[in-house]
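Peer 1: Build me a structure from this.
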Amino acid sequence: MEKAGADLLELGIPFSDPLADGIVNQLAAERALESGATVNGVLDCVRNLRARSEIPIVLYTYLNPIFQFGLTEFHRAAETAGVDGLLILDWPPEEDSLDADTITHIRLIAPTTPTDRIATIAKVARGFIYYVSREGVTGARESVAQRIHEKLTAIRQHTDLPITVGFGISDEKQARTVARWADGVVVGSAIVDRIGKVGDTADLADRISKFVAPIAAAVHDARH
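Peer 2: Next up, the predicted model:
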């Protein structure tokens, strides 16, 4: 993905009850857990990546696996492995009192987030803000939300941080459209879906790279 043009890698820690995820990511988490995936295993994966790449890595998960691991212990282990950020969907900023200077906690803002709540989230946000482009769960969609530009304008009144947009973006055309307004575009379920369909084959990496490359190119072209 890095060679195909991705600027940041979002790597999931599978969880048995991924409430914010659609069927594609639910099935991916199920496959991962059945195959023996663990928190330590994901951190080992990061270590292996760090041996050959410095691409920023954000771990995507829910609070439960981290809580069971131990909050402080997990952050220490993640830092040692080379993790740059955490995207935890069910950990609101009011409950996040952990002093984690070395690992950035990415904050999410949704279409339904009221103005005063946007201000609260933006005040404690670091790194970048993840704007959820539509209501509901993750999953590829045939169209992108039409009010994204308006919402990003409203969010920028409260922060100077970059704003990425995700949830539902699944192809080059959608990515190019969103990139005209956003600082970054997140494509997740569409990639996970292809990984699930291709399976553990010798050409998996090549086929995913060919899917990612035009999307990354479209984002870069739109941003410049």
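
Peer 1: Am I right that Asp7 is in contact with Val185?
Peer 2: No: here Asp7 does not reach Val185: they are 9.7 Å apart, not a contact under CB atoms under 8 Å. In this view, the C-beta of every residue, glycine as well, is placed from N, C-alpha and C.

Peer 1: and the residue of the chain positioned farthest from its centre, what are its phi and psi?
Peer 2: The outermost residue of the chain, judged against the average C-alpha position, is Ala202 (25.9 Å), by CA atoms, centre = their mean. Backbone geometry at Ala202, expressed as degrees, to the nearest 10, gives phi -70, psi -30.

Peer 1: And the pLDDT at it?
Peer 2: For Ala202, the pLDDT comes out at 95.

Peer 1: Which residues lie in contact with it in this structure?
Peer 2: Ala202 makes contact with no residue, according to CB atoms under 8 Å, 6 or more residues apart in numbering.

Peer 1: quick one on the thing from earlier: what about Asp7 and Val185, which has more around it?
Peer 2: More neighbours surround Val185 than the other of Asp7 and Val185, with 25 against 13 (other CB atoms under 10 Å).

Peer 1: can you tell me how far that one sits from His220?
Peer 2: According to CB to CB, to the nearest Å, Val185 and His220 sit 10 Å apart.

Peer 1: Glu172 now?
Peer 2: According to CB to CB, Glu172 stands 12 Å off from His220.

Peer 1: Who are the packing partners of whichever helix in the chain runs longest?
Peer 2: The longest helix of the chain (DSSP state H) is helix 204-223. On a contact count with 3 or more CB pairs under 8 Å, 6 or more residues apart in numbering; DSSP states H and E, helix 204-223 meets helix 172-179, strand 184-185, helix 189-198.

Peer 1: Check what contacts it and list those residues.
Peer 2: Contacting residues not belonging to helix 204-223 are listed as 1, 3-7, 171-173, 175-177, 179-180, 183-185, 187, 190-191, 194-195, 198 [CB under 8 Å, 6+ apart].

Peer 1: In it, which residues are buried?
Peer 2: 208-209, 211-216, 218-219, 222 (16 or more other CB atoms under 10 Å).

Peer 1: again, but for stretch 2-17
Peer 2: Going by neighbour count (16+ other CB under 10 Å), the buried part of stretch 2-17 is 2, 4-6, 8-15.

Peer 1: Which two of these have the greatest separation?
Peer 2: Farthest pair in the buried residues of stretch 2-17 (CB to CB) is Gly5 and Phe15. Separation: 28.8 Å.

Peer 1: related to what we said a few turns ago, in ChimeraX, how would I select just the buried ones from the contacts of helix 204-223?
Peer 2: Applying 16+ other CB under 10 Å to these, the buried members can be selected in ChimeraX as follows:
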select :1,4,5,6,171,172,175,176,177,179,183,184,185,187,190,191,194,195
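
Peer 1: before we move on, the earlier item: would you mind putting the helices and strands packed on helix 204-223 into a markdown table with distance to Gly70 and mean pLDDT alongside?
Peer 2: Shown next, in a markdown table, are these (distance: least, CB to CB, whole Å; pLDDT from 0 to 100):
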| stretch | distance to Gly70 | mean pLDDT |
| --- | --- | --- |
| helix 172-179 | 37 | 93 |
| strand 184-185 | 31 | 96 |
| helix 189-198 | 28 | 93 |
